[in-house]
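**Student:** test case, fold it:
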Amino acid sequence: MKNIIYIFLLSILCSCAELTAVMDAYNASAPLSEGEVASGLKEALRVGTDSAAARLGHTNGYYGDELVKIMLPKEADIIVKNASKIPGGDKVIDDVIKHINRAAEDAAKEAGPVFWGAIKEMSITDAFNILNGEQDAATQYLKSSTYDKLFKLYNPKIQASLDKEIAAGISPNMSWETLTGKWNKLADNPLGQMAGLHAVNVDLDAYLTEQALNGLFLKIAEEEANIRKNPLARVNDLLKRVFGS
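**Tutor:** Model (predicted):
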């Protein structure tokens, strides 16, 4: 009631422009409602995921960014090093890595709807936990809500890329199986065991899919941190109000 009287008196004493300024100041200082917090967090997640997926979905989104570029597993380092001793070996490895990253870039273009589904399902409690949580609380919420669906989205594309021919009759999977097969044969024989060699047993497409998703969530975390810390990244009044509080 006091608020209504206050506004009424202001309307008598102030011009329209002055009244608008006063009301804006009053609204900006008023406590956030549950609805505003939920809507603001959903909007932040939408902005952040759209931006991250768009960046990674471009050509060289993964391949051209050293922070998220998908490489072969560390277990394969010794194979990669030895491949350079074979004529054309370096090119085979480079082609494998490039095709894997291209597949991840294609998958990123389709990640939006997966994120949007999780965002729509966010509860009021989720929103307040995110707002008052760690700097990557929204990213962690999305990761727990979408990881399995995103894995199913990315994995077939990674698999298809690994099966694609990069030379006549040669695919990344075939190259990998040949390299690891020969290496493991050496590592498993008595001489290899005496030399301390270890077999390479990696589910390649699962490993590479996990790396692609790690890169995706890294970029989302960057977007979240930017919205939390940088007022210029809050692209509308709702974000400014929620994160400015």
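**Student:** can we go C-alpha only for contacts and neighbour counts from here?
**Tutor:** OK.
**Student:** ok, Thr105 to Leu153 distance?
**Tutor:** If you look again at residue 105, you'll see it is Glu, not Thr. Per Cα to Cα, to the nearest Å, Glu105 is found 12 Å from Leu153.
**Student:** give me the more crowded residue out of the two.
**Tutor:** Glu105 (26 against 18; other Cα atoms under 10 Å).
**Student:** which SSE is that one in?
**Tutor:** Per DSSP states H and E: Glu105 is located in helix 89-108.
**Student:** same thing with Leu213?
**Tutor:** Going by DSSP H and E, Leu213 is in helix 204-229.
**Student:** repeat for Leu179
**Tutor:** Per DSSP H and E, Leu179 falls inside helix 172-188.
**Student:** what mean pLDDT would you report for that helix?
**Tutor:** Helix 172-188 shows a mean pLDDT of 76.
**Student:** one more: stretch 227-234?
**Tutor:** Averaging pLDDT along stretch 227-234 yields 81.
**Student:** return the distance of that stretch from the chain's centre.
**Tutor:** 19 Å (Cα atoms, centre = their mean, to the nearest Å).
**Student:** so Asn201 sits in a helix?
**Tutor:** No - counting by DSSP: H, G, I helix; E, B strand; the rest coil, Asn201 is not found in a helix; it is coil.
**Student:** contacts for the helix or strand containing Asp77?
**Tutor:** Asp77 belongs to helix 77-83 when assigned by DSSP H and E. The contact list for helix 77-83 (Cα atoms under 8 Å, 6 or more residues apart in numbering) reads 89-90, 93, 179-180, 183.
**Student:** do stretch 238-245 as well
**Tutor:** Identification of contacts with stretch 238-245 by Cα under 8 Å, 6+ apart yields 28, 32, 36-37, 39-41, 43-44, 227-228, 231, 234.
**Student:** mind listing what's buried along that stretch?
**Tutor:** 238-243 (16 or more other Cα atoms under 10 Å).
**Student:** repeat for stretch 55-74
**Tutor:** 55-58, 60-63, 68-72.
**Student:** equivalent analysis for stretch 217-224, please.
**Tutor:** Neighbour count says stretch 217-224 has 217-224 buried, by 16+ other Cα under 10 Å.
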